[in-house]
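Student: have a look; sequence and predicted model below, questions after that.
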Amino acid sequence: MTPEHTHINPDFKLNRTNNTDIKKLFAGIKEHDTLSLSKAITLIESNNKKHRSIASELIKLCLPLSGKSWRIGITGTPGAGKSTLIEALGNYYCELGKKIAVLAIDPSSTITKGSILGDKTRMEKLSVNPRAFIRPSASAGTLGGVARATSEAILLCEAAGYEIIMIETVGVGQSETEVHNMVDLFILLTGPAAGDELQGIKRGIMEMADIILVNKYDGDLKTAAKNSLNQIKNALHLFPPRADNWMVKAALVSALYNEGIENISKIIDNYFLHQQAYNSIEEKRKKQELYRLNKYIEQSLFNHFINSEKAKKLLDEAKKSILLQKSNAYLEADKILNSILKF
């Protein structure tokens, strides 16, 4: 059994809250124990107030060990092959001796909040690789297609010694750009014959992409993939220069047949060498932390507000007025805020 799969603390339970348990869990993370890491991520994903308090203590312990990985976000059109690409890249890096963590965000039902959580079945080879850790998490309707605790999960994976962390997002959408605010490198994946599809991708997402890949460059789709690549390259010429002077790269890949993976890894290497020369990663991460600070405060204030008895009463009154067509959402929201806010 490899060190990565030893079970240092199999008796840990989320409902046990003393400092000894936190220290044991932290020790397990430092020893690269996947069971401890999985339990720690479950802890930070919990909505239980007591669990959140424990999670904060654990994050404080892990913080000095974090920050040394490559954080790579991968988004793309539905069916583009994100999971296949991640498995191909992950296996490639594992063969080079790297430790890979994949945080795969599964789409959740807006009704039941349930998700399929099937990424381990879609990444069969990578999921059994002793140098890889795959953690599927439900998006639960979270803005941006990334689970609420994804950024903390990145930190825990870094503390556990994972050198490359890949985040697979739900798909492309207007709010999907949230993932850009927690990664160093943003990859946009699309399929061949993407003329109309390309038009449907938001310009903002393309502008934020550091690398754009056209997948499924194989078989009868090779010509269509080349045409798509040319369209993308033509579109990139219209974008303004970036502050970090990085020229966005576009390339072909067949993730299913592992063709082009080595070339992509070279582009990724060049990206991080370029960013290192400009000290861009450190500056980007500082801005991302400030962005998340505002996001966390907004979410926490909203949760505190929406769960308060006074707010529930005011909301019930507002809903009645709206349903009786005596008012509208804007007026009622303004009334509620004016009655609650003190400054």
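Tutor: Sure, I can see it.
Student: what about the strands in the stretch 1-150 of the chain?
Tutor: For the stretch 1-150 of the chain, applying DSSP state E, counting those that start in this stretch gives strands covering 70-76, 100-106, 132-138.
Student: out of the ones you listed, which is closest to Glu57?
Tutor: Glu57 sits nearest to strand 132-138 of all the strands of the stretch 1-150 of the chain, at 20.9 Å, using CB to CB. For the C-beta atoms, the positions are set from N, CA and C on the backbone; glycine is no exception.
Student: can you name the element that comes right after the closest one?
Tutor: helix 150-159 (DSSP states H and E).
Student: what's the distance between whichever helix or strand comes after that next one and the middle of its chain?
Tutor: From helix 150-159 onward toward the C-terminus, using DSSP H and E, the following helix or strand is strand 164-168. Distance of strand 164-168 from the chain centroid (CA atoms, centre = their mean, to the nearest Å) equals 7 Å.
Student: do the same with stretch 69-89
Tutor: Relative to its parent chain, stretch 69-89 has a centroid offset of 11 Å by CA atoms, centre = their mean.
Student: give the buried residues for it.
Tutor: Of all the residues in stretch 69-89, those buried under the rule 16 or more other CB atoms under 10 Å are 69-77, 80-89.
Student: show me where the stretch 151-300 of the chain has helices.
Tutor: 195-200, 203-208, 222-236, 261-278, 280-306 (DSSP state H, counting those that start in this stretch).
Student: who's in contact with Ile212?
Tutor: 187-190, 206, 232, 236, 248-251 (CB atoms under 8 Å, 6 or more residues apart in numbering).
Student: among the residues you listed, who's most crowded?
Tutor: Thr190 (27 neighbours; other CB atoms under 10 Å).
Student: quick revisit: out of the helices of the stretch 151-300 of the chain, which comes closest to Ile100?
Tutor: Using CB to CB, the nearest of the helices of the stretch 151-300 of the chain to Ile100 is helix 261-278, at 12.2 Å.
Student: what is the closest one packed up against?
Tutor: strand 70-76, helix 82-95, strand 185-190, strand 211-214, strand 249-252, helix 280-306 (3 or more CB pairs under 8 Å, 6 or more residues apart in numbering; DSSP states H and E).
Student: same list, the ones you listed, but as TSV with mean pLDDT please.
Tutor: Shown next, in TSV, are the helices and strands packed on helix 261-278 (pLDDT from 0 to 100):
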stretch	mean pLDDT
strand 70-76	93
helix 82-95	95
strand 185-190	94
strand 211-214	96
strand 249-252	96
helix 280-306	87
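Student: now the ones you listed in JSON lines, with distance to Val170?
Tutor: Output for the helices and strands packed on helix 261-278, formatted as JSON lines (distance: least, CB to CB, whole Å):
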{"stretch": "strand 70-76", "distance to Val170": "8"}
{"stretch": "helix 82-95", "distance to Val170": "9"}
{"stretch": "strand 185-190", "distance to Val170": "13"}
{"stretch": "strand 211-214", "distance to Val170": "18"}
{"stretch": "strand 249-252", "distance to Val170": "23"}
{"stretch": "helix 280-306", "distance to Val170": "18"}
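Student: of these, which is nearest Leu43?
Tutor: Nearest of these (CB to CB): helix 280-306, 16.9 Å.
Student: chain center to the closest one, what's the gap?
Tutor: 15 Å.
Student: now the angle from it to strand 70-76?
Tutor: Relative orientation of helix 280-306 and strand 70-76, computed by axes from the mean of the first three to the mean of the last three CA atoms, to 10 degrees: 70 degrees.
Student: on contacts alone, who are the packing partners of helix 280-306?
Tutor: Using 3+ CB pairs under 8 Å, 6+ apart: helix 280-306 touches helix 261-278, helix 309-323.
Student: for the strands of the stretch 1-150 of the chain, give me TSV that also has distance to Glu283.
Tutor: Output for the strands of the stretch 1-150 of the chain, formatted as TSV (distance: least, CB to CB, whole Å):
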stretch	distance to Glu283
strand 70-76	14
strand 100-106	23
strand 132-138	28
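Student: residue contacts, the spatially most central residue of the chain?
Tutor: Compute the mean C-alpha point of the chain, and by CA atoms, centre = their mean the closest residue is Ile167, 4.3 Å away. By CB under 8 Å, 6+ apart, the contact set of Ile167 is 71-74, 102-105, 146, 150, 154, 179, 182-183.
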